[in-house]
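*Asks:* My questions are about this predicted structure, shown below with the sequence.
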Amino acid sequence: MLTQRQKKILQAIVRQYTSTGQPVGSKHLVEKLPFKVSSATVRNEMVVLEKNGLINKQHSSSGRVPSKKGYRYYVDHLLDPSAVTDNDLLVIQNSLGDNYQKIDEIVSHSADILSNLTSYTAFALKPEQADVRLSGFRLVPLGDQKVIAILVTDSGNVESQSFTLPRNVDTEAIESVVRLINDQLVGHELSEVVKRLNTDIPIKVTHYLESPEGFLDIFDSVLKNAARDRFYVGGRLNLLGFSDHQDPHDLQTIYRLLDQSDSLSHLLDADSKPDGGVHVRIGNEIADNQVLDDYSLITATYDVDQYGKGIIAVLGPTRMPYSRTIGIVNAFRQELAKRLLGYYRHFYDS
């Protein structure tokens, strides 16, 4: 159990180090503390904090830096979330403007905005709707055996991919299969559509096509894109500025992680708790691997009423200004939820 004085000293060390990046010495702390105390007393208290594993001595310097345990204690017990400045709020509101044609565009752009506001790498996950249903499927000919497959869901999501059909394909048969897909599957949840693609649908398609695999592969590919988690990443290059001694191999591992939807989904979903608050994971709390040991991940859920819940997150160094970053993430999730709610209502009401 720390005394009040020790708590204030630890709080001052974390704030000063996250602000300057320089080890904090006792003489400098004396000037920052809200009470009068000698340098000798501060040094003695720093020894206690060091024995408790909350701060570390930096090489031969007399200064101290927070440990992962120290950051954790600070975030859990000593953090005073700072109010978002009027300027930050204005940037958020203006950046999330009205010039969007699709809901995905808002979510994608939000990752860039959040990255710019924090100078870190940001993530945004589109709201998940467990009961998303298929609204329609089309194949549009582009010429020279090329087609574009278009799948639409009732959540407003539109997926499209281009494909090349075999030369000997019967275009009338393909059109009949498209009608079959719409007759049989429109109005069903995507999970049910995926299930039927592996059960009765292939048999029905053989009434029109001798080898239905090629067509079903096209439909399955577009369907999987529509059903997958929608992660967007902003500020990838900001990872390069977090540290002066990053291992190139570790950076490659992290960048690979950002490109793997399943891994990223697992990483962010770990903090999507029912209370919908802002959550902070530090170092090895983020993942089992060592490459994120010098990073902190701030995650928040945003709620768009019956249209689902999404996630935003910021990945930065453990030496980040937690109060300001948490304040921005919290304000941003509220503004994003309001903006998305307006778009969903517009889509469903139109």
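*Replies:* All right, it came through fine. Residues are numbered from 1 along each chain as shown.

*Asks:* Find me the pLDDT at Leu10, would you?
*Replies:* pLDDT, Leu10: 95.

*Asks:* What of Asp247?
*Replies:* Listed pLDDT for Asp247 reads 73.

*Asks:* Report how many residues lie close to it.
*Replies:* Asp247 has 11 neighbouring residues, counting by other CB atoms under 10 Å. Glycine gets a C-beta too; all of them are placed from N, C-alpha and C.

*Asks:* Next, work out how far apart it and Asp200 are.
*Replies:* Counting by CB to CB, to the nearest Å, the gap from Asp247 to Asp200 is 52 Å.

*Asks:* Is Thr153 in contact with Val222, as I believe?
*Replies:* No. The pair Thr153 / Val222 is not scored as a contact, 10.9 Å apart, by CB atoms under 8 Å.

*Asks:* Wait, Leu134 touches Leu190, no?
*Replies:* Yes. Between Leu134 and Leu190 there is a contact under CB under 8 Å: 6.4 Å.

*Asks:* Show me the helices in the protein, by range?
*Replies:* 4-20, 26-32, 39-51, 68-73, 86-95, 103-118, 171-185, 190-197, 201-205, 213-227, 248-258, 261-269, 322-349 (DSSP state H).

*Asks:* Grab the nearest non-local neighbour of Val178.
*Replies:* Counting by CB to CB, 6 or more residues apart in numbering, Val178 lies nearest to Leu139, which is 5.6 Å off, once chain neighbours are set aside.

*Asks:* Kindly state the beta-bridge partners for that neighbour.
*Replies:* Leu139 has these beta-bridge partners by DSSP bridges: Ala149.

*Asks:* For it, give its distance to Gly234.
*Replies:* In terms of CB to CB, Leu139 sits 34 Å off from Gly234.

*Asks:* Equivalent analysis for Gly283, please.
*Replies:* 23 Å.

*Asks:* can you check Leu90 too?
*Replies:* Distance, Leu90 to Gly234, by CB to CB: 19 Å.

*Asks:* out of those two, which sits in the more crowded spot?
*Replies:* Neighbour count, other CB under 10 Å: between Leu90 and Gly234, Gly234 has more, with 21 against 11.

*Asks:* Not counting its neighbours along the chain, what's nearest Arg339?
*Replies:* Arg339 sits nearest to Leu96 (CB to CB, 6+ apart), 4.8 Å away.

*Asks:* What of Val84?
*Replies:* With CB to CB, 6+ apart as the criterion, Val84 has its nearest non-adjacent residue at 4.3 Å, and that residue is Ala331.

*Asks:* what does Ile181 give?
*Replies:* Phe137 (5.1 Å).

*Asks:* I'd say Gly16 and Val30 touch.
*Replies:* Actually, residue 16 is Gln rather than Gly. No. Using CB under 8 Å as the test, Gln16 is too far from Val30 to be in contact (11.9 Å).

*Asks:* Neighbour count for these two, which is higher?
*Replies:* Shown here are Gln16 and Val30; by other CB under 10 Å, Gln16 has more neighbours (20 against 17).

*Asks:* Next, work out how far apart the closest residue in space to Pro166 that isn't next to it in sequence and Ile174 are.
*Replies:* Nearest non-adjacent residue to Pro166, counting by CB to CB, 6+ apart: Gly214, 6.4 Å away. The spacing between Gly214 and Ile174, counted by CB to CB, is 10 Å.

*Asks:* how about low-confidence regions in the protein?
*Replies:* 60-62, 98-101, 128-130, 155-156, 227-230, 243-246, 261-263, 269-276, 347-350 (pLDDT under 70).

*Asks:* if I look at the nearest residue to Asp293 once chain neighbours are set aside, how far off is Ile311?
*Replies:* Excluding the flanking residues, the one nearest Asp293 by CB to CB, 6+ apart is Gly283, at 4.9 Å. Gly283 is 21 Å from Ile311, where distance means CB to CB.

*Asks:* more neighbours, those two?
*Replies:* Remark: of Gly283 and Ile311, Ile311 carries more neighbours, 22 against 19, as counted by other CB under 10 Å.

*Asks:* how much space is there between the closest residue to the more buried one other than its chain neighbours and His207?
*Replies:* Spatially, and ignoring its direct neighbours in sequence, Ile311 is nearest to Leu125 (4.1 Å; CB to CB, 6+ apart). Going from Leu125 to His207 by CB to CB gives 40 Å.

*Asks:* Then Leu33?
*Replies:* 81 Å.

*Asks:* same thing with Phe35?
*Replies:* Note on Phe35: its distance to His207, by CB to CB, is 84 Å.
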